[in-house]
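Asks: pasted the sequence and its predicted model underneath.
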Amino acid sequence: MSLSPGKQNGLRALADARGVIAALAIDQRSALRKLFAKASGRDANEVPAEWLVQFKEKVSQFLTPYASAILLDPEYGLPAAGRRFKDAGLLLAYEQSGYDKTVPGRLPRLLDGFSAERLKNSGADAVKVLLYYSPFSETNINAYKRAWVTRVGEECREADLPFFLEIVSYHDQMDEKSVEFARIKPEVVSRSIEEFCKASYAVDVLKVGVPVNVNFVESATLPHSQAIYSREEARAHFKRASQAASIPFIYLSEGVSNQKFAEALTLAAEANSDFSGVLCGRAIWQEGVPIFVERGVPALDDWLQEHGVRNIRNVNSHLAAARPWFERVGATPSAKG
């Protein structure tokens, strides 16, 4: 696999000096509205747009000095892009938030009025789209999704921007937090990685969940008799998913706690997973939402400076085993910028 000079420059802008992507994600829209709704007692549809804008701005201001890049959305996040640390790269999301629950298959949709080129003109170093995907879904649903990813890949190629594909694993008949889904998650993740590494999609970096549900991995607090995976089995699942990848991939936190995400990264390191970093969101900043809602911006500033910084530093401390993105693509390890 070879990358154009433009795509290489974009990836360098998003990675740290080692070539590892230590990025902060706050492109959430519907998920962030739900967090605000829970904290305020309002309906999610009644959450003021200004809350999203302000919260994203503050997260960007206080936490990007500790991140190699930030992922934002162009709907509410452009002011936050302007508040990021000078050395932090910028990814912009291109998909609409959520999906139409009246249509089967959790089908993806692009933002109206945007294109990869327009996102580039808005300052993006890369474009990201989110895709719900299961290899067990109906053939016509997955054919639609694969064609959709191919179209986005073509747009990014024409705009000469790196294309990040975020794959959210699921099953149509299961709760993703259930024991049942935890049993098949390794298969779903590995097969999804294998599929979207194919050159026809023109994906440059995969953003994926870890291949196990960490809540069901044997640990000091979860005995073997209650666990779904032993630590050895969990490490084997990480290794299999890593070996399925032929392009750089990074992990997302999937909304788990900071401690649980750190545990997942520890397992990845133990398994010698060839991951190239993280794009971590809620595991870093979600506990700041009720602080902001209940006590306002000054209290959020204080929380971010203490707890938010501690959380992102904790994630960064678990990236020693991450591999530079350029190792998989034959690019030169030039410094960002």
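Replies: Sure, I can see it.
Asks: which SS state does Ile70 fall under?
Replies: Judged by DSSP: H, G, I helix; E, B strand; the rest coil, the three-state class of Ile70 is strand.
Asks: and it, what does it touch?
Replies: Ile70 makes contact with 23-26, 60, 64, 80-81, 84, 88-91, according to CB atoms under 8 Å, 6 or more residues apart in numbering. All C-beta spots, glycine's among them, are computed from the backbone N, C-alpha and C.
Asks: mind redoing it with 6 Å?
Replies: 24, 60, 64, 84, 88 (CB atoms under 6 Å, 6 or more residues apart in numbering).
Asks: wait, a helix at the third one?
Replies: Yes - assignment of Thr64 by three-state DSSP places it within a helix.
Asks: what's the neighbour count on it?
Replies: By the measure other CB atoms under 10 Å, the count of residues near Thr64 is 25.
Asks: re the thing from before, in helices only, show me the contacts of Ile70.
Replies: Assigned to helices by DSSP state H, the following of these qualify: Ser60.
Asks: determine which two of the contacts of Ile70 are furthest apart.
Replies: Leu24 and Arg84 (9.0 Å; CB to CB).
Asks: tell me where the stretch 151-300 of the chain has helices.
Replies: Counting by DSSP state H, counting those that start in this stretch, the stretch 151-300 of the chain has helices at residues 179-196, 231-244, 258-270, 282-285, 288-295, 297-303.
Asks: leaving out the residues flanking it, which one is nearest to Ser60?
Replies: Ala80 (3.9 Å; CB to CB, 6 or more residues apart in numbering).
Asks: part of a strand, is that neighbour?
Replies: No - under three-state DSSP, Ala80 falls outside any strand and is assigned helix.
Asks: what's the burial count for it?
Replies: Quick note: Ala80 (other CB under 10 Å) scores 25 neighbours.
Asks: cool, the one 4 residues further on as well?
Replies: Here the neighbour count serves as a burial measure; for Arg84 (other CB under 10 Å) it reads 23.
Asks: what does Pro162 give?
Replies: Pro162 has 29 nearby residues by other CB under 10 Å.
Asks: OK, contacts around it?
Replies: 7, 10-11, 126, 204.
Asks: and if you look at Lys260?
Replies: Contacts here follow CB under 6 Å, 6+ apart; on that basis Lys260 touches Val214.
Asks: now swap in Glu57 and tell me
Replies: Contacts of Glu57 (CB under 6 Å, 6+ apart): 79-80, 83.
Asks: what's the average pLDDT for stretch 2-20?
Replies: Average pLDDT, stretch 2-20: 96.
Asks: distance between it and the chain's centre?
Replies: 17 Å (CA atoms, centre = their mean, to the nearest Å).
Asks: show me the shaky parts of the stretch 201-337 of the chain.
Replies: The stretch 201-337 of the chain contains residues with pLDDT under 70 at 334-337.
Asks: now with 90?
Replies: The stretch 201-337 of the chain contains residues with pLDDT under 90 at 220-221, 223-226, 328-337.
Asks: one step back: minimum distance to Glu46: which of the helices of the stretch 151-300 of the chain has it?
Replies: It's helix 288-295; of those, that one is closest to Glu46 (CB to CB) at 12.7 Å.
Asks: what helices and strands are in contact with the closest one?
Replies: helix 30-40, helix 297-303 (3 or more CB pairs under 6 Å, 6 or more residues apart in numbering; DSSP states H and E).
Asks: export the ones you listed as CSV, with columns for distance to Val309 and mean neighbour count.
Replies: Below are these laid out as CSV (distance: least, CB to CB, whole Å; neighbours: other CB atoms under 10 Å):
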stretch, distance to Val309, mean neighbour count
helix 30-40, 20, 18
helix 297-303, 10, 16
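Asks: thinking again about what came up before, for Lys101, state which of the contacts of Glu57 is nearest.
Replies: Nearest to Lys101 among these, with distances taken as CB to CB, is Ala80, at 28.4 Å.
Asks: so how far is Ala37 from the spatially closest residue to Ile291 that is not a sequence neighbour?
Replies: Nearest in space to Ile291, with sequence neighbours left out and distances taken as CB to CB, 6+ apart, is Trp303 at 4.6 Å. As judged by CB to CB, to the nearest Å, Trp303 and Ala37 stand 19 Å apart.
Asks: kindly report the same for Leu206.
Replies: Applying CB to CB to Leu206 and Ala37 gives a distance of 31 Å.
Asks: now Arg235
Replies: 38 Å.
Asks: could you give the number of residues near the nearest residue to Gly255 once chain neighbours are set aside?
Replies: Spatial nearest neighbour of Gly255, excluding adjacent residues (CB to CB, 6+ apart): Arg282 at 4.8 Å. For Arg282, the neighbour count with other CB under 10 Å is 22.
Asks: with Val168 instead?
Replies: 17.
Asks: is it bridged to anything, and to what?
Replies: In this structure, Val168 bridges to Tyr132 when assessed by DSSP bridges.
Asks: ok, back up a step: per-residue confidence for the residue nearest to Ser60?
Replies: So, for Ala80, pLDDT stands at 98.
Asks: what sits against it?
Replies: Taking CB under 6 Å, 6+ apart as the test, what Ala80 contacts is 56-57, 60, 72.
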